[in-house]
Each structure stands twice: as structure tokens, then as C-alpha cells.
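Visitor: I would like the atomic coordinates for the input below:
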Amino acid sequence: MTESTPSEPTPEDGEPASFAETAKNWVKKHKTKIGVVGAAVGLAVVGVVARLAEGQAAEDTEGSEPASGPVDASQPRKPSVLHAVIDHLRTLPDGQHASEERRAAYKDATGEDLPAGQ
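Guide: Residues are numbered from 1 along each chain as shown. As a prediction, the model looks like this:
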């Protein structure tokens, strides 16, 4: 029984080919296919990098400008979520006080005067 396999031709000297020699022969035989696959992988990598860069650029610009435009303090604020919010009192910072509108709204809702500092 010989040590070389039928798929590997035995060199003229009768010794089996080394792994390095077999690999070189395989690369020579499949050189075109290796080039095509390498080019396809290269293009795929370039595409992925371009998409990631595009996504990063979009994230960078999101925080730079408000999406809704300038805020107009005279317009009532629209809720960003659609769920019920229960009215509550909050303590205002020192030096601030509730507007006449808020005081009247509290009086209409509860029948009592709005506490100072709330």
C-alpha cells in the first residue's frame, strides 16, 4: 500500500508532494476563481462600510437641528405620546410663580386657590 492518494500525482522521484507544493498547485489551478471571489468579497466590504458611514452621518446630523423647527412659546404644546396624563402640582423654583391662566384653571378644576409656590 502506498502513502500517496490517487488524487495527488506522485512526482517522478516517487516521493509524495508536500502540503506546500500541493497548495501551490491548487492555487495555480484555481487562480481565476480565487480572483473573482476576492473581488466579490472586496465589493461587499466596500458596500457595508459605505452603508455604515452613511448611517453614522445621519446620526451625527440628527442632533444638530431641531426636527420640528423653532419653538413658539405662544402656541400650546402638543403631546409627543398619546396617553392620558393626570394633572398634578409641582413646586416651582425660587423666584417663579404660576401664571394667572394656571391659577384660574386650577380654581376651575378644584374650586380652591392654587397654593403659593406651586
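
Visitor: how near is residue 22 to residue 37?
Guide: Using CB to CB, to the nearest Å, one gets 20 Å for the distance from residue 22 to residue 37. Backbone N, C-alpha and C define where each C-beta goes, glycine included.

Visitor: and the pLDDT for the spatially most central residue of the chain?
Guide: Among the residues of the chain, residue 55 comes closest to the average C-alpha position under CA atoms, centre = their mean, at 7.0 Å. Per-residue confidence (pLDDT) for residue 55: 79.

Visitor: now do the SS call for it.
Guide: For residue 55, the assignment made with DSSP: H, G, I helix; E, B strand; the rest coil gives helix.

Visitor: which stretches in this structure count as strands?
Guide: Counting by DSSP state E, the chain yields no residue ranges for strands.

Visitor: point to the helix or strand of it where mean pLDDT is at its lowest.
Guide: Ranking every helix and strand in the chain by mean pLDDT, DSSP states H and E puts helix 31-62 at the bottom, with a mean of 85.

Visitor: how far is that one from where the chain is centred?
Guide: What separates the centre of helix 31-62 from the centre of its chain is 16 Å, taken as CA atoms, centre = their mean, to the nearest Å.

Visitor: and for stretch 107-114?
Guide: Using CA atoms, centre = their mean, the mean C-alpha position of stretch 107-114 is found 48 Å from that of the whole chain.

Visitor: for that stretch, what is the average pLDDT?
Guide: Over the span of stretch 107-114, the pLDDT mean works out to 88.

Visitor: mind saving the C-alpha coords of stretch 50-57 as PDB?
Guide: Taking C-alpha atoms only, stretch 50-57 is exported to PDB below (Å, rounded to 0.1, in the frame of the first residue of the first chain):
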ATOM      1  CA  ALA A  50     -20.400  52.800   2.900                       C
ATOM      2  CA  ARG A  51     -23.700  52.000   4.500                       C
ATOM      3  CA  LEU A  52     -22.200  52.200   8.000                       C
ATOM      4  CA  ALA A  53     -20.700  55.600   7.100                       C
ATOM      5  CA  GLU A  54     -24.000  56.800   5.700                       C
ATOM      6  CA  GLY A  55     -25.800  55.700   8.900                       C
ATOM      7  CA  GLN A  56     -23.200  57.400  11.100                       C
ATOM      8  CA  ALA A  57     -23.500  60.700   9.100                       C
END
